[in-house]
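In: next input, structure requested:
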Amino acid sequence: MPHQRAALEAFDAGLRDQFHVWHRRAGKDSLAMNHAAIMSQREVGGYWLVYPYLVQARKAIWYGIDKTGKRFIDQAFPPAIRRATHDNEMLIEFLNGSTWQLIGSDNYNALVGSNPRGVDFSEYALQDPAAWNYIRPILLENKGWAWFITTYRGKNHAYQMYERLKTNPEWFCSRLTVDETRKWDGSRILTPQDIERERLEGMDEALIRQEYYCDPMAAFTGSYYAAQLERLQAQGRMATCTFDPKYPVYAAWDLGWVDHLTCVFVQPVGNENRIIGSRSWRMTTIPDALADIRKVYPWEVDTHVLPWDASRNSLETGSTWKQVFEDQRTRTELAPKVSVHEGIEQVRLLLPTCVIDTERRAWAPEGNNGLLIESLSGYRTEIRKGSPGVFQLSPAHTWESHLADALRYYAVFRSSGGLTLGEWGPALDWSAADRSVI
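Out: Sure thing, here's the model as predicted:
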């Protein structure tokens, strides 16, 4: 289609890195795969298509079938140019030595040692942004290229990245709604009647604006904390919020149990909760994470707040997670056991009392707590498949969940009365007023 051809022509003209915000059914994945097929024959190397989740990549692409009844991978990569097809790894080897593979951004760290030459990020707005930070140095060294093809999901990392790059002369960027794309015969890919049919069948209006009109403000459908965050922004409570050594610091943790640690640092001052920092680690031990905190931040943590189930055994050592923390000479408390939905309500009550620091800091040169704010914005439930307008009962487990859960544990801990009197600051000095009575 014409808009797809424009991307290919720009690539051949030297704009190898590209970012496209395209509506649903604009042919995003088809373009990415066919472009990778071309490049695999021009330049021998490894090529990846990165999906938000590995299981989603297998279902949607590896086993996916186009409208003609042909598998996507067979359409893009004809068997005649393949040496082997590895189902378990979702990997195709070509006769000339190139490879193409489907991977998930939820497991990017498992690809240590890989050396891609070209990477397509599909639905980047739903991906863990840490995946790009991991892959980018490899492409830089290989003089490789990256394409990002997505729809918006609010003003998150994808929106911010597109806004930064759209005027960069070294990138080719485009934003195309259903009103701006056509087939080769000039007819619309989607007609107003098609959109109206979606509406009548129960598709949420915000979802229509998001998926078909690339509206970055329409993606808050299903977000648990969108309203509270918008109010914080409007009230100027996402601003400068410095650490005050007179008050204790609480570090609330989500332990991830396998490979993902996250922590939110909160300094309660009276009825106000100052979120002075947040951090995320992948494939890092708790002792190493605690050492990183002591090295990076200008504060000492008074109390580490852990999930209620941190008292169960660790698979690695036989010790409990609480014991692992206490072996590092830390003071720990467990958040009470409550339902996820009760915890979400506690966060909704907590957020209006918060000030979230967003200044550039030595430990966050692009802005403090940016990933936390994005995580809270993206923490959501989703529409049930096959049931337009009906949400799932539980939150979607996405990369945003980890930091959002860490704050949830703090909110539950705070609501239970777990904070000490230290939150009010040091005791007043009344020595000058002391008098004895006889």
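
In: what about the strands in the stretch 151-300 of the chain?
Out: Secondary structure of the stretch 151-300 of the chain, counting by DSSP state E, counting those that start in this stretch: strands at 171-176, 238-239, 250-254, 260-269, 272-282.

In: which of these is buried the deepest?
Out: Ranked by mean neighbour count, the strands of the stretch 151-300 of the chain are led by strand 250-254 with a mean of 25 (mean count of other C-beta atoms under 10 Å). Placement of C-beta: from N, CA and C, glycine included.

In: can you check which of the strands of the stretch 151-300 of the chain gets nearest to Thr398?
Out: strand 260-269 (11.7 Å; C-beta to C-beta).

In: wait, isn't Arg25 in contact with Leu190?
Out: Yes: with contact defined as C-beta atoms under 8 Å, Arg25 and Leu190 form a contacting pair (6.2 Å).

In: sketch out the low-pLDDT regions of this protein for me.
Out: 109-113, 217-221, 257-258, 313-316, 382-392, 419-438 (pLDDT under 70).

In: let me see the domain layout of it.
Out: Listed by automatic domain parsing, the domain ranges of the chain are 2-213, 226-421.

In: now for the nearest residue to Trp132 once chain neighbours are set aside: which residues touch it?
Out: Of all residues not flanking Trp132 in the chain, Phe121 sits nearest, at 6.9 Å (C-beta to C-beta, 6 or more residues apart in numbering). By C-beta atoms under 8 Å, 6 or more residues apart in numbering, the contact list for Phe121 reads Val50, Ser105, Gln127, Ala131, Trp132, Ala146, Trp147, Phe148, Ile149, Thr150.

In: now Phe121: which helix or strand?
Out: strand 116-122 (DSSP states H and E).

In: sheet partners, orientation included, of that strand?
Out: Taking DSSP bridges as the criterion, strand 116-122 forms sheet pairs with strand 46-51 (parallel), strand 145-150 (parallel).

In: which residues does the last one contact?
Out: Residues outside strand 145-150 that contact it (C-beta under 8 Å, 6+ apart) are 7, 11, 16-22, 28-29, 31-32, 35, 117-126, 132, 135-136, 139, 158, 161-162.

In: same question for the first one.
Out: For strand 46-51, the external contacting residues (C-beta under 8 Å, 6+ apart) are 29, 32-33, 36, 39-40, 57, 60-61, 98-105, 108, 114-123, 127, 131, 135.

In: may I have it as CSV, with CA atoms only?
Out: Backbone C-alpha positions of strand 46-51 (Å, rounded to 0.1, in the frame of the first residue of the first chain) are rendered in CSV as follows:
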residue,chain,number,x,y,z
GLY,A,46,20.2,-11.6,12.4
TYR,A,47,16.8,-10.0,12.3
TRP,A,48,14.2,-9.8,15.0
LEU,A,49,10.6,-9.0,15.3
VAL,A,50,10.0,-8.0,19.0
TYR,A,51,6.5,-8.4,20.3
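
In: tell me, what residue is most central in this protein?
Out: Asp128 (3.9 Å; C-alpha atoms, centre = their mean).

In: ok, the closest residue to that residue other than its chain neighbours - how many residues close by?
Out: Nearest residue to Asp128, sequence neighbours excluded (C-beta to C-beta, 6+ apart): Trp399, at 3.8 Å. Other residues near Trp399 come to 22 when the count uses other C-beta atoms under 10 Å.

In: gap between Trp399 and Gln127?
Out: 7 Å (C-beta to C-beta, to the nearest Å).

In: shared neighbours, the two?
Out: In contact with both Trp399 and Gln127: Ser105, using C-beta under 8 Å, 6+ apart.

In: now the strands paired with strand 116-122 as CSV including distance to Glu205?
Out: CSV is the format used below for these (distance: least, C-beta to C-beta, whole Å):
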stretch, distance to Glu205
strand 46-51, 27
strand 145-150, 21
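
In: please identify the deepest-packed of these.
Out: Most buried among those, counting by mean count of other C-beta under 10 Å: strand 46-51, with a mean of 24.
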